[in-house]
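Colleague: Sequence first, then the predicted structure:
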Amino acid sequence: MSEMNINQVLAQMRTMSIEATNKPETIEGMDSSSGFSDILKDSINSVNEIQKTSGQLSKAFEMGDQDVSLAEVMIASQKASVSFQAMLQVRNKLVDAYKDVMNMPM
């Protein structure tokens, strides 16, 4: 990786870090009256959209579209993978919590 690319990546990381520390505690697009099921549904839909986008970029690259680079395809693929793994972990924790509640004595 060239020095210019490293500096660009570092600048992007700093920008993202600053943005992350300045974000409000509420989720974007959600008002305070949104329930857990709405938030979960929106999260699942978001992961689904990321998966679709990754598939579309991959297909476009395979078809020889000059507007899509390999780097874009790989980044989209990694975003889809990470978001899916995160959703899978959330699901596992929800199932564990459900089992714990169901095993509680009455």
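Modeller: Alright, I've got the coordinates.

Colleague: what residue lies at the spatial centre of the protein?
Modeller: Taking C-alpha atoms, centre = their mean, the centroid of the chain lies closest to S83, which sits 3.8 Å from it.

Colleague: and that one, helix, strand or coil?
Modeller: Three-state call for S83 (DSSP: H, G, I helix; E, B strand; the rest coil): helix.

Colleague: All the strands of this structure, in order from the start?
Modeller: Counting by DSSP state E, one finds no strands in the chain.

Colleague: name the helices or strands packed onto the helix-or-strand element of it with minimal mean pLDDT?
Modeller: Here the helix or strand of the chain ranked lowest by mean pLDDT, DSSP states H and E is helix 3-22, holding a mean of 72. For helix 3-22, there is no helix or strand it packs on, judged by 3 or more C-beta pairs under 8 Å, 6 or more residues apart in numbering; DSSP states H and E. Using the backbone N, CA and C atoms, a C-beta is placed for each residue, glycine as well.

Colleague: chain center to it, what's the gap?
Modeller: Distance, stretch centre to chain centre, for helix 3-22: 18 Å (C-alpha atoms, centre = their mean, to the nearest Å).

Colleague: how about that helix: buried residues?
Modeller: Within helix 3-22, no residue qualifies as buried by neighbour count (16 or more other C-beta atoms under 10 Å).

Colleague: Then stretch 71-84?
Modeller: Neighbour counts over stretch 71-84 (16+ other C-beta under 10 Å) mark V73, A76, A80, S83 as buried.

Colleague: Distance from it to the middle of the chain?
Modeller: So, by C-alpha atoms, centre = their mean, the centroid of stretch 71-84 is 9 Å from its chain's centroid.
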